[in-house]
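**Q** model the structure of this input:
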Amino acid sequence: MIDPAIVNTLVFSGIAAMSSVGLTLTYLTTRVPNFAHGSFLTTGAYMAVYWAQILHRSPYEVLWASALLGGLVSVAQYRIVLNPLRKRGASPTYQMIATLTVAFFIFGVMSILADYFGKTYKVRTNYIALRSFDLEIESIPLVMLLSLASVILSTILLYIFLNKTRTGVALRASIENPDLAQVLGINIERMYMLAWFIAGLLGGFSGLIYAMWLPVTTTAGDDFLPTIFASSILGGLSSIFGSLAGGVMVGAANSLIPQMIAALGFTEIIQYRPIIPLLIMSIVLLTIPQGITSITLRWVRAAR
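**A** From the prediction side, this is the model:
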């Protein structure tokens, strides 16, 4: 039997890593922090909750649907809200405020749906975890294996996609130099939509993993948002693979630090766990504002 602390750390780290990659992708395309990014996680989580609670089926059956729903919501946000604002010359500040509005809107929709399904089908739809639906392989929770495998596969597939495929190279070009990419005939809007779809896809997928291990509420994604931002900032807000590393580190800190404090007997301090990602963000911004990728670059330059 694996120590629950290890399971919790790996699951939490996986959710943080994949979600932060999505946030970084959306930031790279618009240069606007997306405060609605946590909503992609919430929608994916509730797809799993409704499937399990209403139909009494395994949430893993809708893993693809959770990811797809997150991707569609993400693209809708870009196409309906941010892209029109950008074309009208709205400043990044106004666009950022618009993402907050989107977050409130999605929260309202999710709350209405939770109440409706809860009353209609007489099931619990708030503050519920789906651990009872999880499976085990050799006494190892499947959600832990899925989280670990997802981070590894995401890293490999993103590297191959961004470096070895024409579409991935076009996406990188659109992000790094959109004017030149447009001259070369690359459809910038299509590339940006693809980036937002991938971001939502990862968010929705993370939501299902979240639902399998942690209590889901209509504010689950919003509550997790500081962790996502801390992960992206630690990894370097303009580095996709740095965000993956940052997510693993912040996720591990979020899980292990409270357990270490509890082991020392200071159990009353655990209630302040939400400030951990905020502290990490503050420390990183004050000491290494470019994230851990800047340290890596300095090492590479020094080696030369």
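**Q** is L237 in a helix, a strand, or coil?
**A** coil (DSSP: H, G, I helix; E, B strand; the rest coil).
**Q** so it sits against T293, correct?
**A** No: here L237 does not reach T293: they are 9.5 Å apart, not a contact under C-beta atoms under 8 Å. Just so you know, the C-beta spots here come from the backbone N, C-alpha and C atoms, and that holds for glycine as well.
**Q** all helices of the stretch 1-150 of the chain, in order?
**A** 4-30, 37-55, 63-77, 83-87, 92-121, 142-164 (DSSP state H, counting those that start in this stretch).
**Q** which one of these is the most hemmed in?
**A** helix 37-55 (a mean of 26; mean count of other C-beta atoms under 10 Å).
**Q** can I get it in CSV? Just the C-alpha atoms.
**A** The C-alpha coordinates for helix 37-55 follow below in CSV (Å, rounded to 0.1, in the frame of the first residue of the first chain):
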residue,chain,number,x,y,z
HIS,A,37,-8.5,29.5,-16.6
GLY,A,38,-9.6,27.7,-13.4
SER,A,39,-13.1,27.5,-14.9
PHE,A,40,-11.8,25.0,-17.5
LEU,A,41,-10.8,22.7,-14.6
THR,A,42,-14.3,23.2,-13.0
THR,A,43,-16.2,22.3,-16.2
GLY,A,44,-14.1,19.1,-16.7
ALA,A,45,-14.5,18.1,-13.0
TYR,A,46,-18.3,18.5,-13.2
MET,A,47,-18.6,16.5,-16.4
ALA,A,48,-17.1,13.6,-14.3
VAL,A,49,-19.3,14.4,-11.3
TYR,A,50,-22.6,14.4,-13.3
TRP,A,51,-21.6,11.2,-15.1
ALA,A,52,-20.8,9.4,-11.9
GLN,A,53,-23.6,10.7,-9.7
ILE,A,54,-26.5,10.6,-12.2
LEU,A,55,-25.6,7.6,-14.3
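**Q** can you give me the angle it makes with helix 92-121?
**A** Comparing the axes of helix 37-55 and helix 92-121 via axes from the mean of the first three to the mean of the last three C-alpha atoms, to 10 degrees yields an angle of 10 degrees.
**Q** returning to what we had before: which among the helices of the stretch 1-150 of the chain is found nearest to I288?
**A** helix 4-30 (16.3 Å; C-beta to C-beta).
**Q** just give the nearest non-adjacent residue to L285, would you?
**A** I233 (6.7 Å; C-beta to C-beta, 6 or more residues apart in numbering).
**Q** contacting residues for that neighbour?
**A** Shown in contact with I233 (C-beta atoms under 8 Å, 6 or more residues apart in numbering): G246, M281, V284, L285, G291.
**Q** what does S111 give?
**A** Here S111 is in contact with T218 (criterion: C-beta under 8 Å, 6+ apart).
**Q** who's in contact with stretch 125-132?
**A** By C-beta under 8 Å, 6+ apart, stretch 125-132 touches 46, 48-50, 52-53, 59, 114-115, 117-118, 211-218.
**Q** convert it to PDB, retaining C-alpha atoms only.
**A** Only the C-alpha atoms of stretch 125-132 are listed here, as PDB (Å, rounded to 0.1, in the frame of the first residue of the first chain):
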ATOM      1  CA  THR A 125     -23.400  17.900  -6.700                       C
ATOM      2  CA  ASN A 126     -21.400  20.100  -4.400                       C
ATOM      3  CA  TYR A 127     -18.300  19.300  -2.200                       C
ATOM      4  CA  ILE A 128     -18.000  15.800  -3.500                       C
ATOM      5  CA  ALA A 129     -15.000  13.700  -4.400                       C
ATOM      6  CA  LEU A 130     -15.300  10.600  -6.600                       C
ATOM      7  CA  ARG A 131     -12.700   8.400  -4.800                       C
ATOM      8  CA  SER A 132     -15.200   5.600  -4.400                       C
END
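**Q** and that stretch, average pLDDT?
**A** For stretch 125-132, mean pLDDT rounds to 90.
**Q** that older thread, columns mean pLDDT and distance to E136 on top of the helices of the stretch 1-150 of the chain, output as JSON lines?
**A** JSON lines is the format used below for the helices of the stretch 1-150 of the chain (pLDDT from 0 to 100; distance: least, C-beta to C-beta, whole Å):
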{"stretch": "helix 4-30", "mean pLDDT": "92", "distance to E136": "11"}
{"stretch": "helix 37-55", "mean pLDDT": "96", "distance to E136": "17"}
{"stretch": "helix 63-77", "mean pLDDT": "97", "distance to E136": "17"}
{"stretch": "helix 83-87", "mean pLDDT": "93", "distance to E136": "45"}
{"stretch": "helix 92-121", "mean pLDDT": "95", "distance to E136": "28"}
{"stretch": "helix 142-164", "mean pLDDT": "93", "distance to E136": "7"}
